[in-house]
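Asks: I would like to see how this sequence folds:
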Amino acid sequence: MRLLRNVEHRRMPWKNGGGETVEVIVRPEGADLSAFGWRVSMATVASDGPFSVFPGIDRTLAVLSGDGMALSIEGVGEKLLTPEAAPLAFPADAPTTARLTGGPITDLNVMTRRGVFRHKLARHVAEGSLALAQSSGERLLLALEPLGVSTAEGLIGLQPLDALVLDGSERAEVVSAGESAAFYLVEITPA
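Replies: Presented below is the predicted three-dimensional model:
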């Protein structure tokens, strides 16, 4: 288990230089953008423009805040992403252009090297408490609201955009700090 506080996430420029990304975690640790096996990051998109292209990478995006953005993805078509929309999976090597629908947004970006890892990204809401399903790989929980995660090591408190990395077999239960707590769960498994 590893706790990753929002204030400690690594800030770095986009691959295409068009903005800044906040790297939550990368595996192997310290890998650059050409050598990672999997990566979870957040980015603020402040203007329309092209996405960085990552050959051999699968990507899933979700909008964390803002109005939304329309994506034009080669081979996939036009897709609208909003905070309420389900995460969108698409190949990161497909040329993609974003058009903001109402000002800047912040997105959550999960990428895995095709043929080496697979990933799933889903938004959940814990009303009271919610047990996390076990997995054959690693899981990363990204808090959207204050919440706790109960593990064999005790209760761990998370603030918005803090993350907790758990082994897939580790039992864990999300406990809301209020009536409910929203979070994203990333599952990373070998391909």
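Asks: Give me the below-cutoff pLDDT ranges for this structure.
Replies: For the chain, residues meeting the criterion pLDDT under 70 lie at 16-19.
Asks: how does it look with 80?
Replies: Within the chain, the set of residues satisfying pLDDT under 80 comprises 13-20.
Asks: Find the nearest non-adjacent residue to residue 115, please.
Replies: Closest residue to residue 115 in three dimensions, ignoring its sequence neighbours and counting by C-beta to C-beta, 6 or more residues apart in numbering: residue 191, at 5.4 Å. To be clear about C-beta, it is placed using only N, CA and C from the backbone, and glycine gets the same treatment.
Asks: Now do that neighbour: how many residues are near it, please.
Replies: Counted with other C-beta atoms under 10 Å, the neighbours of residue 191 add up to 10.
Asks: Contacts only, for it.
Replies: Under the criterion of C-beta atoms under 8 Å, 6 or more residues apart in numbering, the contact partners of residue 191 comprise 114-118.
Asks: One more: residue 127?
Replies: Residue 127 is in contact with 176, 179-180, counting by C-beta under 8 Å, 6+ apart.
Asks: ok, so of the residues you listed, who is nearest residue 86?
Replies: Checking these against residue 86 with C-beta to C-beta, the nearest one is residue 180 at 18.7 Å.
Asks: Just to check, that closest one is in contact with residue 124?
Replies: No - the criterion here is C-beta atoms under 8 Å, and residue 180 misses it with residue 124 at 10.1 Å.
Asks: From one end of stretch 105-123 to the other, what's the distance?
Replies: 17 Å (C-alpha to C-alpha, to the nearest Å).
Asks: now stretch 11-20
Replies: The first residue of stretch 11-20 is 7 Å away from its last residue (C-alpha to C-alpha).
Asks: same check, this time on stretch 92-107
Replies: The distance separating the two terminal residues of stretch 92-107, taken as C-alpha to C-alpha, comes to 15 Å.
Asks: in that stretch, what counts as buried?
Replies: Neighbour counts using 16 or more other C-beta atoms under 10 Å place 92, 96, 98, 100, 105-107 of stretch 92-107 among the buried residues.
Asks: and the nearest residue to residue 143 once chain neighbours are set aside, what is it in contact with?
Replies: The spatially closest residue to residue 143, leaving aside those adjacent along the chain, is residue 158, at 4.0 Å (C-beta to C-beta, 6+ apart). Contacts here follow C-beta under 8 Å, 6+ apart; on that basis residue 158 touches 3, 141, 143, 146-149, 164.
Asks: Just confirm residue 7 is within a helix.
Replies: Yes - for residue 7, which was evaluated using DSSP: H, G, I helix; E, B strand; the rest coil, the result is membership in a helix.
Asks: For this structure, which segments count as helices?
Replies: In chain order, the chain shows no helices, with DSSP state H as the criterion.
Asks: one step back: if any of the contacts of residue 191 are buried, put those into a PyMOL selection.
Replies: Below is the selection syntax for PyMOL that covers the buried ones among the contacts of residue 191, with 16+ other C-beta under 10 Å defining burial:
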select buried, resi 114+117+118
